[in-house]
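Asks: sequence plus predicted model, see below.
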Amino acid sequence: MIKQRLIELLTEAASQAQQLGKLPAVTLLDIVVEHPQNAEYGDYASSLPLKLARATGLSPLTIANDIVGLMAPTPEVASIAVAPPGFINFTLKDDWLTQQVDSILMAGDAYGNIVLGEGSRVQIEFVSVNPTGPLHVGHGRGAILGSTLANVLAAAGYKVEKEYYINDAGSQIVAFNRSLYARYQQCLGVDAEMPADGYFGSYMVDLAKEVIAEEGDRFLSLPEKEAVPQLGQIGSDKVIEQVRNDLERLGVSFDVWFSERSLYDNGQYQRAISLLHQGGYIAEKEGATWFVSTALGEDKDNVVVRGDGSPTYFASDIAYHYNKFLERKFDKVINIWGADHQGHVSRMKAVVGALGISPERLGVIISQMVTLLRGEELVRISKRSGDIITLREVVEEVGSDACRFFFLSRSADSQMDFDLELAKKESVDNPVYYVQYAHARIASILRLAQEREIDCRDGDVCLLNTEPELVLIRKMLLLPEIVEIVAHTLEPHHLTYYAQDLATVFHSFYKQCRVVSEDKALTKARLKLVEAAKTVLAKALHLMGMTAPDKM
RNA sequence: GUCCCUGUAGCUCAGUUGGACAGAGCGGCUGCCUUCUAAGCAGCGGGUCGAGCGUUCGAAUCGCUCCAGGGACGCCA
């Protein structure tokens, strides 16, 4: 990556300056190179001299001149300039830029990949909705965030595993099972009452009917104690299958479906708790077992085992994270949770620390609420009450690509409205089509070239010397940097903005530069350029889990 | 009451973790299709970056205090 190269050059020059006694021996940590907002300042800029001025007491301009004076000419850089109050500005060479077109074509699908992760193992867990009902749009947001991050982390050189945690233990499952049993009985003409904390959505009636169609009325003759869990198992298996299908339509898949219940099967739960016990983080009081998070700076302690001896959700999560870090030994674990789990973050970090794991290895992304609207009207999406608009319905109406782009284009931190009325109307003006249209336009050019049997493999990229061409190349070169930023910040929304920028410079190029023309040599060079642009656009779209259409 | 997120153009939101004159899309207003896709291009207009104080050579970005909106604070998950 060129940015990395410039950082190396700066580091070398600065340490050379130190050896020559021009610069005091202060540490040169994290040298930053960035893109100036104003293009007149060049392609990259560093404020290193300004930073060093503070540490050394020297004038920033003097430092800048000393450092620049020690930088040797390189094949990439046309000019290195000092600018007040103490910036070092780099401008890249045009012929180096044009050569990058060949590099991109050579890299193909792998263009944009970087080695940041060095093969370390990252687990990313997301969606993980209780198997008690269909997904809604809020879940879709987490799903899209997670799957995109997984794509980007893989491109950044990590070994990524995507996981769905199935909450198949605990009280909500009991409520689900009893609700299904009640609906099952009702559908078979038996007078039964729904539990007060039950799931009243109409999908439960459909589910009961489906079970009856396949299993008949045989559960009526079983004692309730046997019928409820058996029915519940069948029901939640069906729900999970639905969840899997709905996510597939959004282009989301998982490597592992992990059962919460399995944590209690093979002693992992016991080992996790005893490890905390050894550390002195477990205490008995008020008839229950507690995790003493106050000892780790938390506001309050949390119950692990209830008075009746049953473990809480928190207990499961302790065992689950023990499993992730100490049994499966992931280097890094990322959880994507909804805003309602926000209070869970700090105590989970405390648990991880108490288990002897550096809390930085646990990353938690909180995806903020999605408010579903129909015009001005608020649409309820709670599973417990009444009818809901499911994720499936939204995806069918709006389309997977537009859904993905819409959710990705806002940072996970900000709440968002999803207006069903606007979704369809706006889909015509949606930026997603602007990006895909650029890809389709290129495909169209390449089709024309193929019809005319133009082989551009011997094209000379040096001919690409006009402004629109160089602007396009510069933008293409940013993809690896975007991958790095997203992998580092875990904020995939940068990708959507990059994709739009790239499409913009392409559309502008397209308007100004005719590709297939009478000039054979230029045609070949430009065909190479647009093919490279197609590669980069497609890569950006694929990282976001979207399609790159050849026709629109 | 404590904690978390948010507050930037008429609307929806970016702003590369402190850099150089604050950006995009939508909407509004002007132009541009006999040549590779007009789902496009070029241009105009639009701002007290919620408010105030502070740190710094330099703040939308960091700290403190307020204001406003949303969320979380259970032996639910």
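Replies: Arrived safely. Being a predicted model, the structure only gives us computed values, none of them experimental.
Asks: pick out the residue closest to the middle of chain A.
Replies: residue A:149 (2.4 Å; Cα atoms, centre = their mean).
Asks: ramachandran angles for whichever residue of the stretch 101-250 of chain A sits closest to RNA strand B?
Replies: Residue nearest to RNA strand B within the stretch 101-250 of chain A: residue A:170 (3.3 Å; Cβ to the nearest atom of the strand). Placement of C-beta: from N, CA and C, glycine included. Here is the backbone geometry of residue A:170 (degrees, to the nearest 10): phi 100, psi 180.
Asks: near RNA strand B, which residues of the stretch 301-450 of chain A show up?
Replies: Contact residues, the stretch 301-450 of chain A versus RNA strand B (Cβ under 7 Å from any atom of the strand): A:302-303, A:306-308, A:312-314, A:339-344, A:346, A:366, A:368-369, A:409-411, A:413-417, A:428-429, A:431, A:433-434, A:437, A:440-441, A:443-445, A:447-448.
Asks: can you tell me which helix or strand of chain A has the lowest average pLDDT?
Replies: None of the helices or strands of chain A scores lower by mean pLDDT, DSSP states H and E than helix A:420-427, at a mean of 67.
Asks: what does the following helix or strand past that one rub up against?
Replies: Note on helix A:420-427: by DSSP states H and E, the next helix or strand toward the C-terminus is helix A:431-451. Helix A:431-451 has contacts (Cβ atoms under 8 Å, 6 or more residues apart in numbering) with A:401-402, A:404-406, A:409, A:427, A:456, A:496, A:499-500, A:502-503, A:506-507, A:510, A:515-516, A:523, A:527, A:530-531, A:533-534, A:537-538, A:540-541, A:546-552.
Asks: in chain A, where is pLDDT below threshold?
Replies: A:375-376, A:380-388, A:424-428 (pLDDT under 70).
Asks: the stretch 151-300 of chain A: helices as residue ranges?
Replies: Per DSSP state H, counting those that start in this stretch, the stretch 151-300 of chain A carries helices over the ranges A:171-187, A:203-215, A:224-249, A:268-278.
Asks: the longest one: which residues count as buried?
Replies: In this case it means helix A:224-249. Neighbour counts over helix A:224-249 (16 or more other Cβ atoms under 10 Å) mark A:227-228, A:230-232, A:234-236, A:238-240, A:242-243, A:246-247 as buried.
Asks: kindly report the same for the last one.
Replies: Buried residues in helix A:268-278, defined by neighbour count with 16+ other Cβ under 10 Å: A:268, A:269, A:272, A:273, A:275, A:276.
Asks: picking that back up, export the helix or strand where the residue nearest to the centre of chain A lies as CSV, just CAs?
Replies: If you go by DSSP H and E, residue A:149 is part of helix A:137-155. Presented in CSV, the C-alpha positions along helix A:137-155 are these (Å, rounded to 0.1, in the frame of the first residue of the first chain):
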residue,chain,number,x,y,z
VAL,A,137,-35.8,-5.1,10.4
GLY,A,138,-33.7,-4.3,13.5
HIS,A,139,-32.3,-7.8,13.3
GLY,A,140,-31.6,-7.2,9.7
ARG,A,141,-29.4,-4.3,10.5
GLY,A,142,-27.2,-6.5,12.8
ALA,A,143,-27.1,-9.2,10.2
ILE,A,144,-26.0,-6.8,7.5
LEU,A,145,-23.4,-5.2,9.7
GLY,A,146,-22.0,-8.6,10.8
SER,A,147,-21.8,-10.2,7.4
THR,A,148,-20.1,-7.1,5.9
LEU,A,149,-17.6,-6.9,8.7
ALA,A,150,-16.9,-10.6,8.2
ASN,A,151,-16.2,-10.0,4.5
VAL,A,152,-13.9,-7.0,5.2
LEU,A,153,-12.0,-8.8,8.0
ALA,A,154,-11.4,-11.7,5.7
ALA,A,155,-10.1,-9.3,3.1
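Asks: that helix near RNA strand B anywhere?
Replies: No. Helix A:137-155 lies apart from RNA strand B when judged by Cβ under 7 Å from any atom of the strand; the minimum separation is 11.3 Å.
Asks: any idea of the angle that helix forms with helix A:224-249?
Replies: For helix A:137-155 against helix A:224-249, the angle by axes from the mean of the first three to the mean of the last three Cα atoms, to 10 degrees is 60 degrees.
Asks: from residue A:83, how far off is residue A:41?
Replies: From residue A:41 across to residue A:83, the span is 7 Å (Cβ to Cβ, to the nearest Å).
Asks: apologies, that question was intended for residue A:44.
Replies: 13 Å.
Asks: mind listing what the residue in chain A sticking out farthest from the centre touches?
Replies: When distances are taken from the C-alpha mean of chain A, residue A:221 lies farthest, 48.8 Å away, according to Cα atoms, centre = their mean. Applying Cβ under 8 Å, 6+ apart to residue A:221 gives no contacts.
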